[in-house]
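In: structure for this input, please:
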Amino acid sequence: MRIAVYVRVSTQRQTQMQTIDQQLERLQAYFQLQGWEWREELVFRDDGYSGASLKRPGLDRLREQAAQVHFDRVLITTPDRLARKYIYQMLLIEELEKSGCQVEFVERPMSQDPHDQLVLQIRGAVAEYERNLITDRMRRGRLQKYRAGTLLPWGPPPYGYRTDPLHPRDPTGVRLEPAEAAAVAEMFAYYQQDRHTLRGLAKQLRELGVRGPRGSLHWSDGTIRHILTNPVYMGTVYAGRNHYRPATGRISPLKPVGGGNGSIERVPPEDWIVVAQIPAIVSQEQFDMIQEKLKHNQSVASRNNTKHQYLLRAMISCGLCHLACTERTTDTGHPYYVCNGKRPLLQSPRTEKCPSRFLPVGQLDELVWADLCEVLLHPECLDKALQRAQGGQWLPQELQARRENLRKARVSIEHQTERLTEAYLAGVVPLEEYKRRRHELEQRLESIAAQMRQLEASASKHVELAGIAQSMEEFCQRVSSGLEQASFAQKRQLIELLIDRVVVTNDEVEIRYVIPTSTSSEETRFCHLRANYFQTQWQKKITDDIFLDRPTSNVGLSEFSCVHHLGCGHNGNQLCRCGSSR
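Out: Residues are numbered from 1 along each chain as shown. As a prediction, this is how the structure comes out:
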């Protein structure tokens, strides 16, 4: 019997106190008591991850391997180590049991008995209540201290200020740092002048040798904007200025879904909490003038300019440095896609520019559109991608043969068990020999049952893929009729739906397609799916690279990619004529 172990602690402090080691010691003692084999590769742990979320790397690996029937049982100390919310506990237990994996808690082994199930529900509800109660008390306590003016809403103090090292959250200990405060005053004065920009201010600070908040000579536009928009420099400390909003997009198109931080949402000024008064660096009038200038410059920024038409706007990444490519039209009127890594080094902490070349808009747009039309007009390439992802076409007769072989093996072992029992009852086989041989037969039965579960799961997957292939083909037939007469707006809409990213590496162009697999997903762009990922926490990888079945059933998108080369002119019937599929 293969048995996995899962352990978890919520905070780094608990990690330092070695509470995970304590959990492992209890589990190892339980293993020894039961006579089970301890296997380090089947130990899944999450250090410093909250049980109120399903986004945990150790838990993700546990679920993936359980779905592939890599073990038969999961051992956990208590239910709250699995999850702090009752609904999450039930979700995980049900998912694991559907995969043929039994969940067992050391503190009190659970069964299907109604009393045990009731105890599990009560303990899950109490754990969830306890966590919510602690969170609410801490939030209300912080708000009371903010309103009383006894707690600063900072971690590190803003640039230009220092706090009392012994009492870093005490508002009475805030003081100016003379050199940084002088730099802040000069930043406001410089940017207030006509024709001065954030980029020019960053260059000025670097030339003067002024170090930034992290001690580096590099100043980014974002760092300077954060300083120029912070009202603390008017002499008032506010709390509740920002509201955290969970992430709704991928941190990078070249990275997998998941990970990354959310965004910050501004709260109306009338809802801010005044904490304390501290020494001011700029006046109210100067601060307001800076805000008006920032607002005006943002409205006329080049990223908001729609004068030129770029079919692949905001959809291209550089394969050399993995940065995005932006659109640029030269003074002579030639449009290009240009990697952001070619910008002046002043704008980033990089030490050298990206060596990629400028990408001609017309040539790249034509190549991608022609390839997209080829995919839609010949949807059989999608079926080839599915077959290649699964290592060949699934044969029903092979499935039936494997099922029959496993059935015969199970029947044979059951007959052996019956004959062994009859021999023991007749006094032919002694008790110790009977126990040993019966244990061997039971282990063989468990192994056959695990193989049967894995076979059925694989068969269900292929049946599902057959339906996906048919849905994708029907979608291609519906949208392919008007490709020749499509306007620029229609082309752009179709590309946004069906292409996730275009990655250009030197002269090699990789097009990452995302094809809807159901009618309900034909209006959902792939780049918007991260919200669904966080809501459901489901991500099932069919293969590592070629084909990825996306997280939720209500989304229904499937991804594959193909490679072309700029200037090759190949747009044949095959998925990839002049490159290798990823």
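In: low-confidence regions, the stretch 351-500 of the chain specifically.
Out: Counting by pLDDT under 70, the stretch 351-500 of the chain contains low-confidence residues at 351, 381, 383-399, 458-473.
In: please enumerate the helices of it.
Out: Taking DSSP state H, counting those that start in this stretch as the test, the helices found in the stretch 351-500 of the chain are 361-377, 380-389, 396-425, 431-479, 488-498.
In: chain center to the third one, what's the gap?
Out: For helix 396-425, the separation from the chain centroid amounts to 45 Å (computed by CA atoms, centre = their mean, to the nearest Å).
In: how about that helix: buried residues?
Out: Residues A409, R410, I413, T417, L420, Y424 are the ones in helix 396-425 that count as buried (16 or more other CB atoms under 10 Å). Using the backbone N, CA and C atoms, a C-beta is placed for each residue, glycine as well.
In: those residues into a markdown table, with extra columns for distance to R313?
Out: Shown next, in a markdown table, are those (distance: CB to CB, whole Å):
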| residue | distance to R313 |
| --- | --- |
| A409 | 59 |
| R410 | 60 |
| I413 | 64 |
| T417 | 68 |
| L420 | 73 |
| Y424 | 78 |
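In: isn't T150 right next to T172, touching?
Out: No. The criterion here is CB atoms under 8 Å, and T150 misses it with T172 at 9.0 Å.
In: that older thread, would you format the helices of the stretch 351-500 of the chain as TSV with distance to V9 included?
Out: As requested, these are exported to TSV (distance: least, CB to CB, whole Å):
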stretch	distance to V9
helix 361-377	48
helix 380-389	38
helix 396-425	41
helix 431-479	31
helix 488-498	43
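In: so which of those is nearest V237?
Out: helix 488-498 (43.6 Å; CB to CB).
In: from H70, how far out is the nearest residue to P156 once chain neighbours are set aside?
Out: Closest residue in space to P156, ignoring its immediate chain neighbours: P213 at 7.9 Å, by CB to CB, 6 or more residues apart in numbering. When CB to CB, to the nearest Å is the yardstick, P213 and H70 sit 47 Å from each other.
In: next: L420.
Out: L420 is 30 Å from H70, by CB to CB.
In: just confirm L27 is within a strand.
Out: No. Read with DSSP: H, G, I helix; E, B strand; the rest coil, L27 is helix and lies in no strand.
In: show the contacting residues for it.
Out: Counting by CB atoms under 8 Å, 6 or more residues apart in numbering, L27 makes contact with V5, V7, L75, T77, V106.
In: now do the SS call for the second one.
Out: Local secondary structure at V7 is given as strand here, using three-state DSSP.
In: just give the number of residues close to it.
Out: By other CB atoms under 10 Å, 22 other residues sit near V7.
In: bridged to it, which residues?
Out: In this entry, V7 is beta-bridged to R45, by DSSP bridges.
In: count of residues packed around the residue nearest to P156?
Out: With other CB under 10 Å as criterion, P213 counts 15.
In: quick one: it from Y244, how far?
Out: Using CB to CB, P213 is found at 21 Å from Y244.
In: go on, R199?
Out: Noted for R199: a distance of 29 Å to Y244, by CB to CB.
In: looking at the two, which is more packed in?
Out: More neighbours surround R199 than the other of R199 and Y244, with 16 against 10 (other CB under 10 Å).
In: kindly export the helix or strand harbouring Q23 (C-alpha atoms) in CSV.
Out: Q23 belongs to helix 19-34 when assigned by DSSP states H and E. Provided in CSV are the C-alpha atoms of helix 19-34 (Å, rounded to 0.1, in the frame of the first residue of the first chain):
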residue,chain,number,x,y,z
THR,A,19,5.7,22.8,14.1
ILE,A,20,5.9,20.9,10.7
ASP,A,21,8.7,18.7,12.2
GLN,A,22,6.3,18.0,15.1
GLN,A,23,3.6,16.9,12.7
LEU,A,24,6.1,14.7,10.8
GLU,A,25,7.2,13.1,14.1
ARG,A,26,3.6,12.2,15.0
LEU,A,27,3.0,10.8,11.5
GLN,A,28,6.2,8.8,11.5
ALA,A,29,5.3,7.3,14.9
TYR,A,30,1.9,6.4,13.5
PHE,A,31,3.5,4.7,10.5
GLN,A,32,5.7,2.6,12.7
LEU,A,33,2.7,1.6,14.8
GLN,A,34,0.8,0.4,11.7
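In: now it: buried residues?
Out: Applying 16+ other CB under 10 Å to helix 19-34 flags T19, I20, Q23, L24, R26, L27, Y30, F31 as buried.
In: next: stretch 144-161.
Out: Buried-residue list, stretch 144-161, by 16+ other CB under 10 Å: K145, Y146, L151, L152, P153, W154, P157, P158, Y159, G160, Y161.
In: how far away is the third one from V237?
Out: What it means is L151. 10 Å.
In: figure out which of the helices of the stretch 351-500 of the chain is closest to Y337.
Out: Closest to Y337 of the helices of the stretch 351-500 of the chain is helix 361-377 (CB to CB; 6.2 Å).
In: just want the angle from that closest one to helix 488-498.
Out: Angle, helix 361-377 to helix 488-498, by axes from the mean of the first three to the mean of the last three CA atoms, to 10 degrees: 60 degrees.
In: which helices and strands sit right next to helix 361-377?
Out: When contacts are defined as 3 or more CB pairs under 8 Å, 6 or more residues apart in numbering; DSSP states H and E, helix 361-377 packs onto strand 335-339, helix 380-389, helix 431-479, helix 488-498, strand 499-505, strand 508-516, strand 557-565.
In: what residues sit buried inside stretch 360-372?
Out: Quick answer for stretch 360-372 (16+ other CB under 10 Å): V361, L364, D365, L367, V368, W369, D371, L372.
In: on that earlier part again, can you check which of the helices of the stretch 351-500 of the chain gets nearest to K295?
Out: Among the helices of the stretch 351-500 of the chain, the nearest to K295 by CB to CB is helix 488-498 (28.6 Å).
In: now that closest one against strand 508-516, angle please.
Out: Put simply, helix 488-498 runs at 80 degrees to strand 508-516, going by the same axes, to 10 degrees.
In: run through who's touching helix 488-498.
Out: 309, 311-313, 315, 368-369, 372, 375-376, 479, 482, 486, 513-516, 522-523, 525.
In: next, the angle from it to strand 499-505.
Out: Relative orientation of helix 488-498 versus strand 499-505 (the same axes, to 10 degrees): 90 degrees.
In: so how far is helix 488-498 off the chain centroid?
Out: Computed by CA atoms, centre = their mean, the separation of helix 488-498 from the middle of its chain amounts to 26 Å.
In: check contacts around C476.
Out: For C476, the contact set (CB under 8 Å, 6+ apart) comprises V375, L376, L377, P379, L382, I515.
In: quick check: neighbours shared by L151 and V237?
Out: Common neighbours of L151 and V237 (CB under 8 Å, 6+ apart) are P171, V275.
In: starting at the chain centroid, how far to stretch 214-221?
Out: 28 Å.
In: put the alpha carbons of it into CSV.
Out: Extracted in CSV, the C-alpha atoms of stretch 214-221 (Å, rounded to 0.1, in the frame of the first residue of the first chain):
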residue,chain,number,x,y,z
ARG,A,214,16.3,50.7,-1.9
GLY,A,215,19.8,52.2,-2.1
SER,A,216,20.2,51.8,-5.8
LEU,A,217,21.1,54.5,-8.3
HIS,A,218,18.4,53.2,-10.6
TRP,A,219,15.1,55.2,-10.6
SER,A,220,12.1,53.9,-12.4
ASP,A,221,9.2,55.9,-13.6
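In: buried residues in that stretch?
Out: Using 16+ other CB under 10 Å as the test for burial, stretch 214-221 gives H218, W219, S220.
In: chain neighbours aside, what residue packs nearest to the second one?
Out: This means W219. Once flanking residues are discounted, W219 sits nearest to A202: 4.2 Å by CB to CB, 6+ apart.
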